[in-house]
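>>> missing the sequence, but the structure's below:
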């Protein structure tokens, strides 16, 4: 399949999964706790499951030799050269609360490297797409290129993270707070939207922990295509999730790693 056809297929994935999700948004729907009453509430909705079923069926029909890793229904053929990495609703808590800071993450890895990604926000009609070399935002009003902004010092930076409780109490939380204490402003509750706003030049830094591959793979080509950088806290690849730092300016990324790895 050509690059153009692949882009069209990803658009089709977004369209069909969005149609499965939107009837549930700001409506009454079934809700389960994957943590089964544990200390950390881990919600999943009917919309999550419905959208991932759509995504998986379309990928199986079009690319039967590709692997799939999804949040709700596990993995298949992870030894394939090409693997789709899916999160039908990243930001389920925001979805439950009726807030539009959630999105469908559709990522593709080749040889373990994140090569294409899309974040689709169907309620707002936004599609953030990237291939590591360029990134664009498409809406009903048109399309524009995404570029991160210059910001080389923490004191000037806007930081985002989904929830400060992501960080394990002790050294991990202390390291995050050391970064947070240096920035100009911090925002919480952003999920995947933070990385897209970083790519769009609205914020400068995202620091998170406890992520899974499906939380980050689709976002890597978007951020990198806009000129940013995404790594683990130790500077290694981010594709396996865990502790993640994304920055719009490589100089800022270097400064943050010094705080996260004292």
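Everything's here; your move. Given the structure is predicted, the values throughout are model-derived calculations rather than measurements.

>>> Does the top helix by length along the chain pack against any helices or strands, and if so which?
Longest helix in the chain by number of residues (criterion: DSSP state H): helix 3-21. If contacts are counted by 3 or more Cβ pairs under 8 Å, 6 or more residues apart in numbering; DSSP states H and E, helix 3-21 sits against helix 46-62, strand 82-90, strand 103-110, strand 113-121, strand 126-130. Any C-beta I mention is one placed from the backbone N, CA and C, and that applies to glycine too.

>>> Buried residues, the first one. List them.
When burial is assessed from 16 or more other Cβ atoms under 10 Å, helix 46-62 yields the following buried residues: 47-56, 58-59.

>>> what's the burial count for residue 68?
Using other Cβ atoms under 10 Å, residue 68 is surrounded by 21 other residues.

>>> One more: residue 9?
17.

>>> Report the separation between it and residue 61.
Applying Cβ to Cβ, to the nearest Å, the value for residue 9 to residue 61 is 11 Å.

>>> cool, and residue 244?
For residue 244, the distance to residue 61 equals 32 Å [Cβ to Cβ].

>>> got TSV for the helices and strands packed on helix 3-21, with distance to residue 147 too?
Below are those laid out as TSV (distance: least, Cβ to Cβ, whole Å):
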stretch	distance to residue 147
helix 46-62	29
strand 82-90	23
strand 103-110	20
strand 113-121	16
strand 126-130	12
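
>>> between these, which one is nearest to residue 68?
For residue 68, the closest of these is strand 82-90, at 5.0 Å, according to Cβ to Cβ.

>>> Direction included, what does the closest one pair against?
Pairing partners of strand 82-90, with direction, according to DSSP bridges: strand 67-70 (parallel), strand 103-110 (antiparallel).

>>> And the next helix or strand past it?
Using DSSP states H and E, the helix or strand that follows strand 82-90 in sequence is helix 92-96.

>>> contacts for that next one?
Helix 92-96 is contacted from outside by 25, 31, 43-45, 47-48, 89, 100-102, 189, 191, using Cβ atoms under 8 Å, 6 or more residues apart in numbering.
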